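Peer 1: generate coordinates for the sequence data below:
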Amino acid sequence: MSKILTEKELFGCAVQLAQGDLTLEDTDAIVNAANEYLEHGGGVAYAIVQRGGEGIQRESDDWIKKYGAVTHANPAWTTGGALPAKYVIHAVGPIWGDGDEDAKLRVCVLGALRVVDELHLRSVALPAISTGIFGFPKERAARVILSAIRAYLDEPHGLKLIRITLWDDDSARLFLGAFDD
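Peer 2: The predicted structure follows:
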């Protein structure tokens, strides 16, 4: 499990910042920072398939065959395979430089939280979506992600725990700064 850095209670939900390995989180679901075709060949997505098993990739391929490309607002989901989490929510974050990145990241986070609620889950861990190979500036992403979480929790929901799990020290520092705003 990750090291919890800080926690706030927002509208009946504990929102935590943690540092550690997303693939080891024991929440009901984890969020994968995915691409629109669910090709899990790099970054967080690759780590999830490596730890959770190839079944996650097979389920992702089946999703694409059935529904087509995944959008920012409408994530896909699969089982968690061998992960501690029961589900993986595959959220497509924006690629920096494509335009309207803040709005795309916001709907990506809102969509992921909506799917968690639709699956009747109570806890979720998510990474710093789009800040890796997609190039979204970390400090800016922290503000957008946290703002989206606050907005989601301001409406009726069933979530009890949202944990933002950060891998590196730089991300942890920047998210902690945004968390206190």
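Peer 1: N32 reaches H40, doesn't it?
Peer 2: Yes: the pair formed by N32 and H40 meets the contact definition of Cβ atoms under 8 Å, at 7.4 Å. Using the backbone N, CA and C atoms, a C-beta is placed for each residue, glycine as well.
Peer 1: which residues do these two both contact?
Peer 2: Common neighbours of N32 and H40 (criterion: Cβ atoms under 8 Å, 6 or more residues apart in numbering): I48.
Peer 1: neighbour count: the two, which is higher?
Peer 2: Using other Cβ atoms under 10 Å as the criterion, N32 and H40 rank with N32 on top: 34 against 24.
Peer 1: now the strands for the chain?
Peer 2: Ranges of strands in the chain, per DSSP state E, are 3-10, 13-19, 29-34, 76-79, 87-92, 123-126, 161-166.
Peer 1: got these as JSON lines, with mean pLDDT columns?
Peer 2: Formatted as JSON lines, the strands of the chain follow (pLDDT from 0 to 100):
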{"stretch": "strand 3-10", "mean pLDDT": "96"}
{"stretch": "strand 13-19", "mean pLDDT": "98"}
{"stretch": "strand 29-34", "mean pLDDT": "96"}
{"stretch": "strand 76-79", "mean pLDDT": "98"}
{"stretch": "strand 87-92", "mean pLDDT": "98"}
{"stretch": "strand 123-126", "mean pLDDT": "98"}
{"stretch": "strand 161-166", "mean pLDDT": "98"}
